[in-house]
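A.B. asks: dropping a prediction and its sequence here:
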Amino acid sequence: MNDPASSNGHGSDARPNIMTLPVYMDYQATTPCDPRVVQSMLPYFTEKFGNPHSRSHKYGWEAEEAVEHARGQVAALIGADEREIVYTSGATESNNLALKGLAAFYKDRKDHIITTRTEHKCVLDSCRHLEQDGIKVTYLPVKPDGLVDLDVLAQAITDRTLVVSIMAVNNEIGVIQPIAAIGKLCRERGVFFHTDAAQAVGKIPMDVEAMNIDLMSISGHKIYGPKGIGALYVRRKPRVRLKALIDGGGQERGMRSGTLPTPLCVGLGEACAIAQVVMAAENERLRRLQRRLYEGIVKAIPDVFVNGDLEHRIPGNLNLSFAYVEGESLLMAIKDVAVSSGSACTSASLEPSYVLRALGVDEELAHTSIRFGIGRFTTEAEVEFAIETVLKHVGRLREMSPLWEMVQEGIDLKSIQWAEH
Amino acid sequence: MAYNDKVLDHYENPRNVGSFDKADPAIGTGLVGAPACGDVMKLQIRVGAGGVIEDAKFKTFGCGSAIASSSLVTEWVKGKTIDEAERVKNTDIAQHLALPPVKIHCSVLAEDAIKAAIADYRAKSGLDKAKAS
C-alpha cells in the first residue's frame, strides 16, 4: 500500500506547465482515479484475485482481509464503525437502498418521507417510485441560496415521518446543507436522517456521530476512487433496519447480496484514506483557485451571477450564469475547457436545470449557467486558461446576442411580449 | 454530444452577424423565440428593387444549432426575392445541417424568423397582403 501522505507531485502548482486540452473542470461529474488508488488496486486484479467470500483457502482470506481493511478506511473517514459500512455499486444504489429499503421495512408504521427539490435524480426518482407504493413524500423548497430552511423542515415532520433525506452537498451548485442541525432536529423528533453525501465525503469533514446521521450514501468516483463502487453507512445504535433490494448469497449482512469487487473496494478504501490525510490542505488550495476563478470572471465582465450561496459551498465548485449567452453555445465556444451546463439544450428534456429553478433562478438565467468543477489535479495555470477562454468567448457571444443588444439599447427584456414556443 | 461539421462551421464562423437600422423602410426585422425557452433569433433583411433581398443579418441567443440555423438562413435568402425567401422550409435547414430530432425546433425558429422579417418589411412598405385584401 502506498503512503497516502506522499504528495506524488499531484495537486501542486509545481507540476510541469504542460496542459492537456481540454482542461478538465467537471469534477462534480467525476474525478480521475488518484494514481495511488490505482496502485493499491492492481494486485487484486491478478495475483490476489480470490473471492472474498471464499472461506476455505488463502486466496479467499487475503481478498477478505483487503476488503475488510478498506471497509475500515471508509469507516474511519466518517467516524463510523466498520460494521456500519455496506458496499454498493455507487451512490445511486446507496440512495435507492436507503430509501426503498427503509420504506419496505417500516412502511406499516411510518409512511412519510421528507426530501428537497434539489436532490439528485436518483433520490427524487426513488421517492416517485415509492409514491406509487403509497408512501407520502414532501419535497421541500429551498431558499434562493440553495439551503434548506430548518423551520420549514421542522414543520414538515409528522408522527408518520419515517426519514428525512437531504443531500450534504449539491452536485450542481456545491452548496453545503446544515447537516449537523438537520441531524439534531431529526434525532430530537425521532425520525431517521439519510444524507446523500456523494459530493461531500472526502471533500468536507463528515462525522456520522457529531452530525447524527443514520444513513449516508458514499460514491467512489467522486473522491478520486474507481467507478462502480460506493457505500451506504447504516447506523447500528440505534439500529436502522433495511429490506435488501438485491437477494442472493446474503453478503453485506444480508443488505446487499453479490460477490464484492475486491479491487474496487480496495480502491474506495484507499481513496478515503488519502482524502482523510489531504483534505485540509487540498481545501485550502482549492479555495484559492475557486476565489481566483470567481474574481477573474465575475469581476471582469458584467451580468455574471453566482448560483447558490458562495460561502456555504465546497471549494471545488463554482456555478455561474452568464446573462444573454445561452449555456450550450458557451460550452461549444469554450470547448478547450470541459465543463457542464444547466442549459436545457444539454439535457434530453429541453428543460433547464430543476436545481436552479428550485432556487428561483429565472428560466432565462438557468439557460445560461455553467458549472465549473475543480479538484485535486487542477493547476493554477489551468484556472488562468479557463478565465481567459471564458472572457474571450462570452464577449464574442454577447456581440452575437440580440438580448445583449436590446439591453445595451436600454430595452427592458421583461417588457417584451415573447412568443413562447 | 458531437456536432455536425456544418453546424460547427456556421457556429465558429457565423455569416452575417450584425444589425441594420430597423427604422429604415427598406429593412424588415423578425424577432422570434423567447429567452425563457433558451432561443431568441433576430433576423433582418434589406430589400431592394423588385423585392430582392440584397443583404441579411442576424443575432441569435441560443445553442450552437440555433446559431448555425440562423447563419445559414441569412446566406440562403440573399439574392432571393421576398416571395422566394418565404418558401424556405425548416426541413431544408434541418436537412442541410443534419440536425438531430432534439434540435429541429432551431430550424423551425429560423423559418419563423425569416417569415417574420418579410412580414415586417411588407407591413412597413404597404405590401401587407392581409391589409391589402
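C.D. replies: Thanks, I have the structure now.

A.B. asks: how close does the residue nearest the centre of chain B sit to residue B:89?
C.D. replies: Most central in chain B under CA atoms, centre = their mean is residue B:114, positioned 4.0 Å from the mean C-alpha point. Separation of residue B:114 from residue B:89 (CB to CB, to the nearest Å) stands at 10 Å. For glycine as for every other residue, the C-beta is placed from the backbone atoms N, C-alpha and C.

A.B. asks: same deal with residue A:18?
C.D. replies: Applying CB to CB, the value for residue A:18 to residue B:89 is 49 Å.

A.B. asks: between those two, who's got more neighbours?
C.D. replies: Neighbours were counted for residue A:18 and for residue B:89 using other CB atoms under 10 Å in any protein chain shown; residue B:89 has more, 11 against 7.

A.B. asks: quick check: pLDDT value at that one.
C.D. replies: Residue B:89 carries a pLDDT score of 95 in this model.

A.B. asks: that one: what's its closest spatial neighbour, skipping adjacent residues?
C.D. replies: residue B:111 (6.4 Å; CB to CB, 6 or more residues apart in numbering or on different chains).

A.B. asks: the one you found and residue B:93 touch, don't they?
C.D. replies: Yes: using CB atoms under 8 Å, residue B:111 makes contact with residue B:93 at a distance of 6.8 Å.

A.B. asks: of these two, which one has the most company?
C.D. replies: The neighbour count for residue B:111 versus residue B:93, taken as other CB under 10 Å, is higher for residue B:93 (25 against 21).

A.B. asks: could I get the full set of helices for the stretch 201-350 of chain A?
C.D. replies: Taking DSSP state H, counting those that start in this stretch as the criterion, the stretch 201-350 of chain A contains helices spanning A:262-298, A:327-333.

A.B. asks: that older thread, now find how far off-centre whichever strand or helix holds the residue nearest to residue B:89 is within its chain.
C.D. replies: Using DSSP states H and E, residue B:111 sits in helix B:104-125. Its chain's C-alpha centre lies 6 Å from the corresponding centre of helix B:104-125 when counted by CA atoms, centre = their mean, to the nearest Å.

A.B. asks: now it - C-alpha only, CSV.
C.D. replies: In CSV, the C-alpha atoms belonging to helix B:104-125 read as follows (Å, rounded to 0.1, in the frame of the first residue of the first chain):
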residue,chain,number,x,y,z
ILE,B,104,-35.4,20.5,-35.1
HIS,B,105,-37.0,23.4,-33.2
CYS,B,106,-33.9,25.5,-34.1
SER,B,107,-34.7,25.2,-37.8
VAL,B,108,-38.4,25.9,-37.2
LEU,B,109,-37.3,29.1,-35.4
ALA,B,110,-35.1,30.1,-38.3
GLU,B,111,-38.0,29.7,-40.7
ASP,B,112,-40.3,31.7,-38.4
ALA,B,113,-37.6,34.4,-38.2
ILE,B,114,-37.3,34.9,-42.0
LYS,B,115,-41.1,34.9,-42.3
ALA,B,116,-41.4,37.4,-39.5
ALA,B,117,-38.8,39.7,-41.2
ILE,B,118,-40.6,39.5,-44.5
ALA,B,119,-44.0,40.2,-42.9
ASP,B,120,-42.4,43.2,-41.1
TYR,B,121,-41.0,44.5,-44.4
ARG,B,122,-44.3,44.1,-46.1
ALA,B,123,-46.2,45.9,-43.3
LYS,B,124,-43.8,48.8,-43.4
SER,B,125,-43.9,49.2,-47.2
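
A.B. asks: now do the buried residues in it.
C.D. replies: For helix B:104-125, the neighbour count (16 or more other CB atoms under 10 Å in any protein chain shown) marks B:104-122, B:124 as buried.

A.B. asks: what helices or strands is it leaning on?
C.D. replies: Helix B:104-125 is packed against strand B:27-34, strand B:39-47, helix B:64-77, helix B:82-85, helix B:90-97, with contacts defined by 3 or more CB pairs under 8 Å, 6 or more residues apart in numbering or on different chains; DSSP states H and E.

A.B. asks: mean confidence for it?
C.D. replies: Here the average pLDDT along helix B:104-125 is 95.

A.B. asks: how far off helix B:64-77 does it point, in degrees?
C.D. replies: Angle of helix B:104-125 versus helix B:64-77, following axes from the mean of the first three to the mean of the last three CA atoms, to 10 degrees, is 40 degrees.

A.B. asks: tilt between helix B:104-125 and strand B:27-34?
C.D. replies: 140 degrees.

A.B. asks: what parts of chain B come near chain A?
C.D. replies: B:3, B:8, B:11, B:14, B:17, B:19, B:31-42, B:59-67, B:102, B:105, B:108-109 (CB under 8 Å from any CB of the partner chain).

A.B. asks: does residue A:168 really touch residue A:203, like I thought?
C.D. replies: No: between residue A:168 and residue A:203 there is no contact under CB under 8 Å: 9.0 Å.

A.B. asks: what about residue A:188, which SS state?
C.D. replies: helix (DSSP: H, G, I helix; E, B strand; the rest coil).

A.B. asks: and the gap between it and residue A:86?
C.D. replies: 26 Å.

A.B. asks: these two: which has the busier surroundings?
C.D. replies: The neighbour comparison of residue A:188 against residue A:86 (other CB under 10 Å) goes to residue A:86, with 26 against 11.
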